[in-house]
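Asker: Need coordinates for the following:
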Amino acid sequence: MLDFYHNEETAAVSGALYKRPYEKDADDEEQWLCAMKAAAAEALSIDVENIFLKIRKRQRVGKSNEQYTKESNGAFKMIIKENGISFSVNLSGYIDTGIFPDLRKLRKMIMAEASGKDILNLFCYTGAFSVYAAKGGARRIDSVDMSSTYLEWTKRNFHLNSMEIPPSCEHNEVRADVFKFIEQAAAFDKRPDKHFDKHFDKKQWDIIILDPPAFSNSKKMKGNSLNGVFDIKHDYQFLITKCLPLLKKDGRLFFCVNARKFNALKLNLKTGDLYNACDLYNNTKATGDFSLRRITEQIRDEDFKGKRMPECYLITK
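Answerer: Next up is the predicted model:
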């Protein structure tokens, strides 16, 4: 699938292909890619230099993988608008461009709910959800990621929309391992004698956005509860149940899963399954009732009909 980006000055295409699992002649592969670029350029009436096709390698446990791998030293950057909101994208520097088009309806949904709310955006990447929430009138937003590169990108996206964001909105870019952050935030009221970072002084939020990588074994995660290796297929229960205590009464947790072969059946709609998941971890206690429903089809936009989408769930306290 190819994504089309444009503004008043230029147009470009970005696409990623999974590396083939079999040997193929490098020259044949290059010729095929060149033919695809030429066909896309002709069909869209844009320069072939503005067609960016990248190779995405399948992630495996035991290999060193980052969620958003740097592809090259080049940088084809442009400013785009989505629903009237500006974002900086980089079509050549990384496998992913800085914004995920398939989640645009979810971003709009969160903007509609954000007014006066405290919002926690975990694995914030370049802050697209946070910018939408800010424009929607959120009271406070905490954007958490362990990459200084992406937090700077988040700051840049906020700057692009500064005239549209209410001055009363407080935004914090928090550089931290998400797993350590949520555990410290949950433990704050239990350890009043300990000094906590200023970002951990708010134990609960109205809305939590949880859009984690499918897999990560970054060296920056060493020493966390998962021993530095996160695999969404195995660890999603751990992640969700650590977030549940951070929700205020009537709070909402938006959980996205962008992974092949994710066993969605384990996320049963019965409330009891959430309690059972909590009981798996001694340090996580959830109180009150939680409801869980799948909202994948509600966030599917017109151009993604019939195509693979991230699974999305809404957990309400």
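Asker: who does the helix or strand containing residue 5 pair up with?
Answerer: In this structure, residue 5 sits in strand 2-6 according to DSSP states H and E. The strands that strand 2-6 pairs with in its sheet are strand 11-18 (antiparallel) (by DSSP bridges).
Asker: What residues of the partner strand count as buried?
Answerer: Residues 12, 13, 14, 15, 16 are the ones in strand 11-18 that count as buried (16 or more other Cβ atoms under 10 Å). (Each C-beta comes from the backbone N, C-alpha and C, glycine too.)
Asker: List the contacts of the strand holding residue 5.
Answerer: The contact list for strand 2-6, computed with Cβ atoms under 8 Å, 6 or more residues apart in numbering, reads 11-15, 40, 44, 78, 80, 89, 91, 97, 101.
Asker: can you redo those residues as CSV with distance to residue 145 and pLDDT?
Answerer: Converted to CSV, the contacts of strand 2-6 look like this (distance: Cβ to Cβ, whole Å; pLDDT from 0 to 100):
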residue, distance to residue 145, pLDDT
11, 30, 96
12, 26, 96
13, 27, 95
14, 21, 93
15, 25, 89
40, 32, 92
44, 33, 93
78, 22, 97
80, 21, 98
89, 17, 97
91, 21, 94
97, 17, 94
101, 20, 96
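Asker: on that earlier part again, got the buried residues for the strand holding residue 5?
Answerer: Quick answer for strand 2-6 (16+ other Cβ under 10 Å): 3, 5.
Asker: Would you reformat the buried residues of strand 11-18 as a markdown table and include distance to residue 30?
Answerer: Formatted as a markdown table, the buried residues of strand 11-18 follow (distance: Cβ to Cβ, whole Å):
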| residue | distance to residue 30 |
| --- | --- |
| 12 | 20 |
| 13 | 18 |
| 14 | 18 |
| 15 | 16 |
| 16 | 16 |
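Asker: Of those, which is the nearest to residue 119?
Answerer: Nearest to residue 119, judged by Cβ to Cβ, of the buried residues of strand 11-18 is residue 14 at 28.2 Å.
Asker: beta partners for that closest one?
Answerer: Counting by DSSP bridges, the residues bridging with residue 14 are residue 3, residue 52.
Asker: Correct me if wrong: it contacts residue 97.
Answerer: Yes: look at residue 14 against residue 97 with Cβ atoms under 8 Å: they come within range, at 5.2 Å.
Asker: Residues in contact with both of those two, list them for me.
Answerer: Common neighbours of residue 14 and residue 97 (criterion: Cβ under 8 Å, 6+ apart): 3, 5, 91.
Asker: how about the CA coordinates for the strand holding residue 5, as PDB?
Answerer: Output of strand 2-6 as PDB, limited to C-alpha atoms (Å, rounded to 0.1, in the frame of the first residue of the first chain):
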ATOM      1  CA  LEU A   2       1.200   3.500  -0.900                       C
ATOM      2  CA  ASP A   3       0.600   6.700   1.000                       C
ATOM      3  CA  PHE A   4       0.100   9.900  -0.900                       C
ATOM      4  CA  TYR A   5       1.300  13.200   0.700                       C
ATOM      5  CA  HIS A   6       0.800  16.600  -0.700                       C
END
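Asker: How far away from the center of its chain is that strand?
Answerer: Offset of strand 2-6 from its chain centre (Cα atoms, centre = their mean, to the nearest Å): 19 Å.
Asker: same thing with stretch 232-239?
Answerer: On the basis of Cα atoms, centre = their mean, stretch 232-239 sits 15 Å off its chain's mean C-alpha point.
Asker: which residues of the stretch 201-317 of the chain fall in helices?
Answerer: 232-243, 271-279 (DSSP state H, counting those that start in this stretch).
Asker: what's the distance between the longest one and the middle of its chain?
Answerer: Just to be clear, that refers to helix 232-243. Here helix 232-243 is found 15 Å from its chain centre; the criterion is Cα atoms, centre = their mean.
Asker: name the helices or strands packed onto it?
Answerer: Judged by 3 or more Cβ pairs under 8 Å, 6 or more residues apart in numbering; DSSP states H and E, the packing partners of helix 232-243 are helix 178-187, strand 205-210, strand 247-257, helix 271-279.
Asker: Next, the angle strand 247-257 makes with that helix.
Answerer: On the basis of axes from the mean of the first three to the mean of the last three Cα atoms, to 10 degrees, helix 232-243 is oriented at 170 degrees to strand 247-257.
Asker: Please identify the buried residues of helix 232-243?
Answerer: Of all the residues in helix 232-243, those buried under the rule 16+ other Cβ under 10 Å are 232, 235, 236, 237, 238, 239, 240, 241, 242, 243.
Asker: would you turn those into JSON lines with distance to residue 297 and pLDDT?
Answerer: JSON lines is the format used below for these (distance: Cβ to Cβ, whole Å; pLDDT from 0 to 100):
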{"residue": "232", "distance to residue 297": "21", "pLDDT": "81"}
{"residue": "235", "distance to residue 297": "26", "pLDDT": "82"}
{"residue": "236", "distance to residue 297": "20", "pLDDT": "84"}
{"residue": "237", "distance to residue 297": "23", "pLDDT": "81"}
{"residue": "238", "distance to residue 297": "27", "pLDDT": "82"}
{"residue": "239", "distance to residue 297": "23", "pLDDT": "87"}
{"residue": "240", "distance to residue 297": "21", "pLDDT": "88"}
{"residue": "241", "distance to residue 297": "25", "pLDDT": "83"}
{"residue": "242", "distance to residue 297": "27", "pLDDT": "87"}
{"residue": "243", "distance to residue 297": "23", "pLDDT": "91"}
